[in-house]
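>>> Curious how this folds, go ahead:
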Amino acid sequence: MIKHIVMWKLLDATQAARFKAELDTCKGLVPGMREFEVGTRTDGLEANQDVVLNSSFDDAAALEAYVVHPHHKKVSAFLGTLRESRAVLDYEI
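This next block holds a predicted model:
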């Protein structure tokens with residue numbers, strides 16, 4: 001199984017709910033996607049990022065299918081206009 005964790009710092013933190021709503025449209029997009037959870041910063045809790053995606057895939061092929069899926073590419077292009085930075089970590093479990 002592959003974990004795919006992505007975190008974003010937004011240009012405007014007030015756009016976090018919009019960012020999450022757009023990203024949530026990618027849930028269940030490809031076979032082999034096991035988990036797909038999007039979270040946003042919670043007031044009063046420590047955070048140096050605004051949005052996080054915690055997802056898992058059966059294998060690297062399923063992750064790649066997600067990455068190259070046309071809907072994901074469209075969503076990613078839009079979300080890129082809202083972000084200051086992006087950090088990602090993929091790892092096997």
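>>> CA atoms for contacts and neighbours, from now on please.
Will do.
>>> Can you list the buried residues in whatever helix or strand Ala17 lives in?
In this structure, Ala17 is located in helix 16-24 according to DSSP states H and E. Within helix 16-24, the residues scored as buried using 16 or more other Cα atoms under 10 Å are 16, 19-20, 23-24.
>>> Among these, which one sits closest to Asp43?
Ala16 (12.5 Å; Cα to Cα).
>>> contacting residues around that closest one?
10, 40, 50-51 (Cα atoms under 8 Å, 6 or more residues apart in numbering).
>>> Out of the residues you listed, which comes closest to Thr81?
Nearest to Thr81 among those, with distances taken as Cα to Cα, is Leu10, at 9.2 Å.
>>> Looking at the closest residue to the closest one other than its chain neighbours now. What's its pLDDT?
Leaving aside its sequence neighbours, Leu10 sits nearest to Arg83 (Cα to Cα, 6 or more residues apart in numbering; 4.1 Å). pLDDT for Arg83: 98.
>>> Does Arg83 touch Met7 like I think?
No: using Cα atoms under 8 Å, Arg83 is not in contact with Met7; the gap is 10.1 Å.
>>> just for the chain, where's the confidence low?
Scanning the chain for pLDDT under 70 picks out no residues.
>>> what about the helices in it?
Secondary structure of the chain by DSSP state H: the helices cover 16-24, 60-68, 70-80.
>>> Between those helices, which one is closest to Asp90.
helix 60-68 (9.4 Å).
>>> Just the CA atoms of the closest one, as CSV, please.
Extracted C-alpha coordinates of helix 60-68, given in CSV (Å, rounded to 0.1, in the frame of the first residue of the first chain):
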residue,chain,number,x,y,z
ALA,A,60,2.0,2.7,-7.1
ALA,A,61,0.0,2.0,-10.3
ALA,A,62,-3.2,3.1,-8.5
LEU,A,63,-1.5,6.3,-7.3
GLU,A,64,-0.2,7.0,-10.8
ALA,A,65,-3.7,6.4,-12.3
TYR,A,66,-4.9,9.1,-9.8
VAL,A,67,-2.1,11.5,-10.6
VAL,A,68,-2.7,11.4,-14.4
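>>> No more questions from me, cheers.
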